[in-house]
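1. Could you look at this predicted model? Sequence included:
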Amino acid sequence: GAGVSQSPSNKVTEKGKDVELRCDPISGHTALYWYRQRLGQGLEFLIYFQGNSAPDKSGLPSDRFSAERTGESVSTLTIQRTQQEDSAVYLCASSRLAGGPSGELFFGEGSRLTVL
Amino acid sequence: GENVEQHPSTLSVQEGDSAVIKCTYSDSASNYFPWYKQELGKRPQLIIDIRSNVGEKKDQRIAVTLNKTAKHFSLHITETQPEDSAVYFCAGGGTDKLIFGTGTRLQVFP
C-alpha cells in the first residue's frame, strides 16, 4: 500500500477483555515499531522489529502486552485483560532501512483504544 | 538504554518570532536525531534530522544543531507562521530503537 495501515482505527472495549491491533507496514520496510500515545502525552516506545532479528521488547509495560510480526509483513499488538490505563492511541511506524533507525519513520493513523 | 528529555513542554510565540526547542540524550552511542511534527489529530511526520557526524543542518526556516560533547540538540524555527503550530517531538537512537522526547506544544499567534 501507499502508507502504513492500522486497524481498527477505533476500539472500545470493556475492562478485562483482550484486544488485537493490526499494523500493515509499507512494502519493503524491514523495521517496524509500536508506540503508545496517551492523551496529550509523548510517544512511548513499546516494541521494535528489525528484519529477522529478535524483537526488542524492552518497552512493553507488562506481560499483558505482546506483539508478533511475520517476516517483514503484518504485525499484531495484543493486549490481554485490558485495564483502563491501557486507553491510548497505539501508533505503528515502519522504516525502510534495517540495522538501526537511520531512516525516516512512517507512522500509521493509529488505533485509538478506549477501555471502559 | 537511551533516555531523551525535551524542553519546554509548551511554547507560545508571536508570528514572525523564532522558536527554539531543546533536547538532551543519555546514550553516547546514539548517532541519529530526528524531529517530528504532529498536527492536531494527525500522525507524526519527519521534518528534519541530523546525524552525529554533523553539527548543524538547515532546511529553509528550520535548523537543527547538535552538541555531542554535551549530548544535546536543538530545533530552531525562524519567522514562525500560524501553520507551524503543532506538537514537536525530538528523538534519539543508534543502531536500534528510536526513543522520543515528551513533546513541545508550539502555538504561534498571528
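-> It's in.
2. And the residue nearest to A:Glu85 when sequence neighbours are not counted, how far from A:Arg81?
-> Nearest residue to A:Glu85, sequence neighbours excluded (Cβ to Cβ, 6 or more residues apart in numbering or on different chains): A:Val115, at 8.0 Å. The C-beta positions use only the backbone N, C-alpha and C, and glycine is treated the same way. Counting by Cβ to Cβ, to the nearest Å, the separation of A:Val115 from A:Arg81 is 10 Å.
3. B:Asn53 too?
-> 47 Å.
4. Neighbour count for these two, which is higher?
-> Comparing B:Asn53 with A:Arg81 by other Cβ atoms under 10 Å in any protein chain shown, the one with more neighbours is A:Arg81, at 11 against 8.
5. The more buried one is in contact with A:Asp18, isn't it?
-> Yes: between A:Arg81 and A:Asp18 there is a contact under Cβ atoms under 8 Å: 6.9 Å.
6. Check residue 16 and give its pLDDT.
-> Answering for chain A, as no chain was given. A:Gly16 carries a pLDDT value of 97.
7. The chain in question should be chain B.
-> 97.
8. again with A:Leu60
-> 96.
9. My guess is it contacts A:Phe45. True?
-> No: using Cβ under 8 Å, A:Leu60 makes no contact with A:Phe45, being 9.5 Å away.
10. for the helix or strand harbouring A:Cys23, the distance to its chain's centre please.
-> Using DSSP states H and E, A:Cys23 maps to strand A:19-24. Chain-centre distance of strand A:19-24: 7 Å, with Cα atoms, centre = their mean, to the nearest Å.
11. what does chain A put close to chain B?
-> Contact residues, chain A versus chain B (Cβ under 8 Å from any Cβ of the partner chain): A:33, A:35, A:41-45, A:48, A:50, A:56, A:58-59, A:91, A:99-102, A:104-105, A:107-110.
12. Any of those buried? List them.
-> Buried members of the residues of chain A next to chain B, scored by 16 or more other Cβ atoms under 10 Å in any protein chain shown, are A:33, A:35, A:42-45, A:48, A:50, A:56, A:59, A:91, A:100-102, A:105, A:107-110.
13. Which residues of chain B lie near chain A?
-> B:1, B:6, B:31-32, B:34, B:36, B:43-46, B:49, B:51, B:89, B:91, B:93-103.
14. Buried ones among these?
-> The buried subset of the residues of chain B next to chain A - by 16+ other Cβ under 10 Å - is B:6, B:31-32, B:34, B:36, B:43-44, B:49, B:89, B:91, B:93-94, B:96-103.
15. returning to that earlier point: can you list which of the buried ones among the residues of chain A next to chain B are found in strands?
-> A:Tyr33, A:Tyr35, A:Glu44, A:Phe45, A:Tyr48, A:Gln50, A:Leu91, A:Phe107 (DSSP state E).
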